[in-house]
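Q: Need coordinates for the below:
(2 chains)
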Amino acid sequence: MTLLKIDNLHATVADKPILKGLSLTINPGEVHAIMGPNGAGKSTLGYTLGGRPGYEVTDGSVQFAGQDLLELEPHERAAAGLFLGFQYPVEIPGVSFVQFLRESLNAQRKSRGEEPLSGGEFLKLAREKAALLKMDMDMLKRPVNLGFSGGEKKRAEMVQMGILDPKLAILDETDSGLDIDALRIVGEGINSVMRSPDKAVLLITHYQRLLDYVKPDFVHVLAAGRIVKTGGPELALELEERGYEAVAA
Amino acid sequence: MTQALALPTRKSEDYRYADLTALEAAWPIAPEQIVLGAGEEGTMAIVHTGDAVVARDLEIRLGDGAKFALHLLDAGTAYGRFAVRVTLGAGAEFTFGAAQLAGSGQTLEIVTEVSHAAPDAVSRQIVRSVAAGKSTVNYLGKVHVERGADGTDGEQSVRAMLLDRTATANARPELEIYADDVKCAHGCAVGELDAQALFYMAQRGLPPQEAKKLMLQAFVAEAFVGAQDEEQLLEGALEALGRLV
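A: Residues are numbered from 1 along each chain as shown, chains lettered A, B, ... in the order given. Here you go, the predicted structure:
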């Protein structure tokens, strides 16, 4: 069964059309990468799928795991298995990662009719996922993203993804702000959490380098709100070499 | 004396934003006195909940080197007014941490006047207010540093969070300084919950009400850091926040 089917999606932000007829189908087990120049609508795609207020769908449809995604509230989309890794993760003073993630996970479980995790069970899970991303567990006792460096924030996003265990992860420039070692750790983290026959990943990125670690099955070029070209991993290399303008023309 | 007992009007600065109609039920207010002698230490926690109008007037006198911490949670559903007047002796320390949580269309207010009457006294005020629906939260706070009260350290941190466009916050921190060598800081902000944070939390699966509660809990907790009854105050606040969001 198809996991995500976007058909002719049009979306506006502050009345300005950004997505103009975007179509994309993602099946379980696949990794897709969307690349494209600044302003093409890459982040808008992520936010629109996440249901961010202010991102208005004016036409088209999105089916996710057999449901009409656009009918769901943002937290319902998360519970349905959609995870959006933020390009700029938000700081939340006074609220610890541990408390925030435990409540988030248990809210998701509740809406799926599953039992909540106890404090002990949750900490065990969190410790396991933090270790995977080589993140000190003590950092998860701190307020959400507060005082974290850019790279630490991105790594914390991946720890959250591991804990929440989504069906589809849309990762918006998760590679930006990472040094070479962190990039490898994050890449391996994505593979170990998301590389599975029943899960899928949509990587939104400017650069080829993350794709060295997380090998995409499909690469799409997004320009002016639509996908203008689709290919295999070799397309990313071609883009890197020749630039968006030459390839997408 | 009859004149002194007459209900105040809006012309009186201390009652400028008060709900005078509701105040009638609690008028006149009998002042309560708290006196700490030189070097004495004390704490007090007030938790007000329920649907009764409350209006209290605390007069606190701290002797030289005395320390007093007052914590207040006003989560009542009718008009609530807490006036605190403090006079500090040399080297005395006064801490005031308060939260007011209004959600029933009522007015909650805190009026403080802290007088640094002698050198080297310290006063710290942290007030966190949350207003939902058509309610109003007020803070009128004056720090008065008398001539000769050098070495004064006075701080006011006042923040209010409006949960609806129909809610109101009035905040007026004031400094009156007649001494030369003093350190006085005041910060004041009225705002809304961060929409970006709310979306971020929703994206991780937290329903909007839970997300708001979590953020407000953290906001209010700032007023109770270090309080002897911190847990009791936080529990009371959490229960009230459940009604507000």
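
Q: beta partners of the residue lying closest to residue A:24 once chain neighbours are set aside?
A: Closest residue in space to residue A:24, ignoring its immediate chain neighbours: residue A:6 at 4.5 Å, by Cβ to Cβ, 6 or more residues apart in numbering or on different chains. Quick note: C-beta positions are derived from backbone N, CA and C, even for glycine. Beta-bridge pairing of residue A:6 under DSSP bridges involves residue A:24, residue A:62.

Q: Now do the contacts for residue A:6.
A: The contact partners of residue A:6, by Cβ atoms under 8 Å, 6 or more residues apart in numbering or on different chains, come to A:22-25, A:49, A:60-62.

Q: close enough to count as contact, residue A:160 and residue A:98?
A: No - assessed by Cβ atoms under 8 Å, residue A:160 is found out of contact with residue A:98, at 11.4 Å.

Q: Could you list the low-pLDDT ranges of chain B?
A: B:1-4 (pLDDT under 70).

Q: List the single closest residue to residue B:38 in space, sequence neighbours excluded.
A: residue B:63 (3.9 Å).

Q: I'd assumed residue A:139 was in a helix, is it?
A: Yes - under DSSP: H, G, I helix; E, B strand; the rest coil, residue A:139 sits within a helix.

Q: Between residue A:160 and residue A:98, which has more neighbouring residues?
A: residue A:160 (26 against 17; other Cβ atoms under 10 Å in any protein chain shown).

Q: mind saving the C-alpha coords of the strand or helix carrying the more buried one as CSV?
A: Assigned by DSSP states H and E, residue A:160 belongs to helix A:150-164. The C-alpha coordinates for helix A:150-164 follow below in CSV (Å, rounded to 0.1, in the frame of the first residue of the first chain):
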residue,chain,number,x,y,z
GLY,A,150,22.7,24.0,15.9
GLY,A,151,24.2,20.5,15.6
GLU,A,152,22.9,19.3,19.0
LYS,A,153,19.4,20.5,18.1
LYS,A,154,19.5,18.4,14.9
ARG,A,155,20.8,15.4,16.8
ALA,A,156,18.0,15.9,19.4
GLU,A,157,15.5,15.9,16.5
MET,A,158,16.8,12.5,15.5
VAL,A,159,16.6,11.2,19.1
GLN,A,160,13.0,12.3,19.2
MET,A,161,12.3,10.6,15.9
GLY,A,162,13.7,7.4,17.4
ILE,A,163,11.5,7.7,20.4
LEU,A,164,8.4,8.5,18.6
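
Q: residue in chain B nearest to chain A?
A: residue B:218 (2.6 Å; Cβ to the nearest Cβ).

Q: Does residue B:38 touch residue B:64 like I think?
A: Yes - using Cβ under 8 Å, residue B:38 makes contact with residue B:64 at a distance of 4.5 Å.

Q: need the contact list for the residue nearest to residue B:38.
A: Counted by Cβ under 8 Å, 6+ apart, residue B:63 has contacts B:35-40, B:89, B:92.

Q: Residue A:127 should be in a strand, yeah?
A: No - applying three-state DSSP, one finds residue A:127 to be helix, outside a strand.

Q: Excluding chain neighbours, what is closest to it?
A: Closest to residue A:127 by Cβ to Cβ, 6+ apart is residue A:137, at 5.4 Å.

Q: Which positions in chain B make contact with chain A?
A: B:194-197, B:199-208, B:210, B:214-215, B:217-219, B:221-222 (Cβ under 8 Å from any Cβ of the partner chain).

Q: and the worst-scoring helix or strand of chain A on mean pLDDT, C-alpha only, in PDB?
A: Lowest on mean pLDDT, DSSP states H and E among the helices and strands of chain A sits helix A:233-248, with a mean of 88. This file holds the C-alpha atoms of helix A:233-248, laid out as PDB (Å, rounded to 0.1, in the frame of the first residue of the first chain):
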ATOM      1  CA  PRO A 233      20.700   8.800  -6.700                       C
ATOM      2  CA  GLU A 234      22.800   9.800  -9.700                       C
ATOM      3  CA  LEU A 235      20.500  12.900 -10.100                       C
ATOM      4  CA  ALA A 236      21.800  14.300  -6.900                       C
ATOM      5  CA  LEU A 237      25.400  14.000  -8.100                       C
ATOM      6  CA  GLU A 238      24.500  15.600 -11.400                       C
ATOM      7  CA  LEU A 239      22.900  18.500  -9.500                       C
ATOM      8  CA  GLU A 240      25.900  18.900  -7.300                       C
ATOM      9  CA  GLU A 241      28.100  19.100 -10.400                       C
ATOM     10  CA  ARG A 242      26.000  21.200 -12.800                       C
ATOM     11  CA  GLY A 243      23.700  23.200 -10.500                       C
ATOM     12  CA  TYR A 244      19.900  23.400 -10.300                       C
ATOM     13  CA  GLU A 245      19.500  25.700 -13.200                       C
ATOM     14  CA  ALA A 246      21.200  23.500 -15.700                       C
ATOM     15  CA  VAL A 247      19.600  20.300 -14.600                       C
ATOM     16  CA  ALA A 248      16.000  21.500 -14.000                       C
END
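
Q: Go through that helix and flag the buried ones.
A: Within helix A:233-248, the residues that qualify as buried are A:233, A:235-236, A:238-239, A:244, A:247-248, counting by 16 or more other Cβ atoms under 10 Å in any protein chain shown.
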